[in-house]
Each structure stands twice: as C-alpha cells, then as structure tokens.
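**Student:** below are the sequence and a predicted model for it; my questions follow.
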Amino acid sequence: MTIAEEFSEETLFGGKLRCLQPRQGYRFSVDAVLLAHFLTPAPDARILDLGAGCGVVSLILSHRYPTASLVALEVQPRLAEVVRRNVAINGLESRVKVIEGDCCRIAALLSADSFDRVAANPPYYPTASGRHHPETERAMARHEILGGIGEMAEATAFALKAGGRAAFVYPAAREETLLGVLRRNGLALKRLQRAHPYPGMEAGLVLVEAVKGGGEELEILPPFFICQEKCGPYTMEMAAMYAG
C-alpha cells in the first residue's frame with residue numbers, strides 16, 4: 001500500500017501546516033484543535049504532548065509558538081510513526097522530539113519535573129462502554145484500553161515542574177471524573193471552559209487548565225460554541241482556530 005493509499009493529508013493555517021493521518025484508524029477531531037488553542041505557554045516553554053495521536057496538537061503548538069520545544073509521546077507504534085512523518089514534512093525535527101512509549105512508564109522515558117506545559121487528550125471512554133473491537137487503533141485511542149485519565153494525570157504530575165500548567169480536553173459528561181482525578185494528583189484547577197456543539201445544545205466537551213501545586217482560584221470562561229447552528233458552519237472563533 002502506498003502512502004497516498006494509507007494516509008490522507010489535511011492542511012491547517014491556510015496550508016502552512018500539513019498533517020498526514022490514517023485513512024482507516026485514528027483521525028484527529030475538533031477536540032485536538034480546541035486543546036492546542038486552550039494551552040497558553042510562554043514563548044520558550046518546553047511542552048509535552050501526552051497521547052499525541054497523529055501529532056496535530058504538537059504541529060499547531062509548534063506553529064503558534066515558534067520558539068517553544070516539544071516532546072510528543074504516543075504509545076501506538078503506527079501513530080508514533082505518523083507523528084514522525086508529520087514532524088518531518090513540516091520541517092520541525094529540530095523542535096519536536098517524538099517518543100514511542102507508554103505514559104504508564106513515563107519515569108523510564110522522561111525526566112521528572114522537566115516540562116513547563118503539558119497538553120493531554122486522554123481516551124474518553126471506559127473500556128466496557130460502547131461497541132468496539134479492543135485491538136483497533138481507534139478503540140485504543142478513544143477507550144481506556146491502554147490506560148485512561150488516571151494514568152495520564154499521574155504522568156502529567158510527574159512530568160510538570162512545580163507551578164507548571166497542563167491542559168486537558170474531556171467529555172463534559174465526565175467532568176466530575178476529570179476534576180477528581182486532577183485533584184488527587186496535585187493538579188489544581190485554574191481555568192475551565194465548556195464547549196458546545198452549537199447554541200442551545202448541552203456542552204459536549206470540557207477544557208481545563210490545572211497547575212501543579214497551585215492554589216484554589218478558578219476562572220470559569222464563557223461557553224464556547226463550535227458551530228453556529230445544528231449542521232451549520234463553524235463559528236468565527238472555531239474557524240479562526242483552523243485558519244490560524
């Protein structure tokens with residue numbers, strides 16, 4: 001099978017970023033784009049992309065923060081190879097390091113307290129939920145087959161410097177689960193925003209930013225709307241995230 005047959009190529013920021021992703025298997029969605037824009041690193045930050053998938057979060061962050069350095073950690077071998085290809089076709093080899101490995105073994109892969117920021121897009125669903133084949137790439141990315149929010153929160157707390165910040169995207173229906181896991185791992189909630197498919201619809205996603213060893217202050221941001229209406233076009237804010 002040729003690369004063209006196995007992968008499709010998406011573009012972001014008016015063609016300034018190219019992103020290969022499997023035609024069959026895991027493909028990035030709007031949640032990754034939201035996450036990459038929710039994180040607010042300093043210009044020279046060292047950022048960990050935890051559960052990198054095809055690497056789109058690392059690509060967006062590297063474009064938005066051209067002096068930041070990134071590590072993309074992905075457990076699935078084929079997806080880790082996709083990240084490497086995406087880093088190469090965008091000329092980012094000097095700034096984005098790709099590591100194939102399990103966040104449950106993060107101490108063997110990365111140094112403790114070594115990142116300023118973490119972006120985490122954990123699997124959303126318990127292993128027993130829904131109908132899926134547990135060995136498929138998509139199922140392992142979306143279900144807690146290889147570990148879930150608990151393991152990712154532990155890995156985040158390990159990797160972050162004291163005072164470092166992490167951003168997570170997660171289903172709004174499991175918001176309490178997310179917040180409880182963050183607290184148990186010493187990650188204090190600082191910002192929270194719920195993303196709605198369109199006005200009048202309940203939130204589908206929640207975006208949170210937490211600080212390692214932080215205090216209790218919390219900012220609730222206004223709701224974010226992805227589309228203008230049901231089956232309608234993106235809102236101006238969402239379209240701007242794709243356009244850069």
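**Tutor:** Great, that's in hand.

**Student:** just want the phi and psi numbers for the closest residue to Ala162 other than its chain neighbours.
**Tutor:** Closest residue to Ala162 apart from its sequence neighbours, by C-beta to C-beta, 6 or more residues apart in numbering: Gly213 at 5.2 Å. All C-beta spots, glycine's among them, are computed from the backbone N, C-alpha and C. Note on Gly213: its backbone torsions stand at phi 70, psi 20 [degrees, to the nearest 10].

**Student:** confidence score at Gly213?
**Tutor:** In the predicted model, Gly213 carries a pLDDT score of 93.

**Student:** all helices for this protein, in order.
**Tutor:** 3-6, 30-38, 56-64, 77-89, 137-142, 149-159, 175-184, 236-243 (DSSP state H).

**Student:** need the strands for this protein, in chain order.
**Tutor:** Ranges of strands in the chain, per DSSP state E, are 7-12, 17-22, 46-50, 69-74, 96-100, 115-120, 160-171, 187-196, 205-212, 219-220, 224-225.

**Student:** paired strands for the first one, with orientation please.
**Tutor:** The strands beside strand 7-12 in its sheet (DSSP bridges) come out as strand 17-22 (antiparallel).

**Student:** next one: the fourth one
**Tutor:** The strands that strand 69-74 pairs with in its sheet are strand 46-50 (parallel), strand 96-100 (parallel) (by DSSP bridges).

**Student:** before we move on, the earlier item: go through the helices of the chain and name the closest to Ser114.
**Tutor:** helix 149-159 (6.4 Å; C-beta to C-beta).

**Student:** and the closest one, what does it pack against?
**Tutor:** Using 3 or more C-beta pairs under 8 Å, 6 or more residues apart in numbering; DSSP states H and E, the elements in contact with helix 149-159 are strand 46-50, strand 115-120, strand 160-171, helix 175-184, strand 187-196.

**Student:** quick one: contacts of the shortest one?
**Tutor:** So the one you mean is strand 46-50. With contacts defined as C-beta atoms under 8 Å, 6 or more residues apart in numbering, strand 46-50 is touched by 39, 41, 55, 57-58, 61, 65, 68-73, 103, 110, 114-122, 152, 155-156, 159.

**Student:** so, low pLDDT: which residues of this structure?
**Tutor:** Across the chain, the ranges flagged by pLDDT under 70 are 1-5, 126-147.

**Student:** list phi and psi for Pro123.
**Tutor:** Backbone torsions of Pro123, given as degrees, to the nearest 10, read phi -60, psi 140.

**Student:** does it really touch Gly148, like I thought?
**Tutor:** Yes - in this structure, Pro123 is within contact of Gly148 by C-beta atoms under 8 Å, at 5.2 Å.

**Student:** neighbour count for these two, which is higher?
**Tutor:** Higher neighbour count among Pro123 and Gly148: Pro123, with 21 against 18, using other C-beta atoms under 10 Å.

**Student:** pull the contacting residues for Arg95.
**Tutor:** Contacts of Arg95 by C-beta under 8 Å, 6+ apart are 62, 68-70.

**Student:** doesn't Lys190 make contact with the residue nearest to Ala162?
**Tutor:** No - Gly213 lies out of contact with Lys190 (C-beta under 8 Å); the separation is 11.6 Å.

**Student:** the residue nearest to Gly204 when sequence neighbours are not counted: neighbour count?
**Tutor:** Nearest residue to Gly204, sequence neighbours excluded (C-beta to C-beta, 6+ apart): Pro197, at 5.4 Å. Pro197 has 18 neighbours, counted by other C-beta under 10 Å.

**Student:** touching, Pro197 and Cys227? I think so.
**Tutor:** Yes - using C-beta under 8 Å, Pro197 is in contact with Cys227, at 6.0 Å.

**Student:** thinking again about what came up before, burial measure for the residue nearest to Ala162, as a count.
**Tutor:** Around Gly213 there are 13 other residues, counting by other C-beta under 10 Å.
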